[in-house]
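Student: how does the following fold in three dimensions:
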Amino acid sequence: MGIRYYAYAFDSDQTGKALADPLTVIGSDPLADAYGLEPGFRQGVTDFRQSLPERDLLYLDKA
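Tutor: Numbers count the residues shown, from 1 in each chain. The predicted model follows:
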């Protein structure tokens with residue numbers, strides 16, 4: 001079991017909205033976002049490219 005860190009970017013004018021309700025800027029499945037998978041992914045293939053641009057999502061794993 002490891003610790004994963006995700007950071008989502010948003011425009012500065014959305015700060016109040018993000019602080020009030022973080023789920024408006026955080027994906028429903030951050031790992032799926034990082035791996036380029038659709039949320040709820042169960043089986044299939046991926047090219048392991050982030051579904052969000054790198055400037056919008058930072059994924060850090062201890063590996």
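
Student: what's the helix or strand harbouring residue 32 packed up against?
Tutor: According to DSSP states H and E, residue 32 maps onto helix 30-35. Other helices and strands packing on helix 30-35, by 3 or more C-beta pairs under 8 Å, 6 or more residues apart in numbering; DSSP states H and E, are strand 4-8, strand 57-61. Glycine gets a C-beta too; all of them are placed from N, C-alpha and C.

Student: residues in contact with residue 57?
Tutor: By C-beta atoms under 8 Å, 6 or more residues apart in numbering, the contact list for residue 57 reads 6-9, 27, 30, 33-34, 50.

Student: ugh, typo on my part, it should be residue 60
Tutor: By C-beta under 8 Å, 6+ apart, the contact set of residue 60 is 4-7.

Student: most neighbours, which of those residues?
Tutor: Counting neighbours by other C-beta atoms under 10 Å, residue 6 leads these with 15 neighbours.

Student: excluding its backbone neighbours, what's nearest that residue?
Tutor: Leaving aside its chain neighbours, residue 6 sits nearest to residue 30 (4.1 Å; criterion: C-beta to C-beta, 6 or more residues apart in numbering).

Student: having no further points to raise, I will conclude here.
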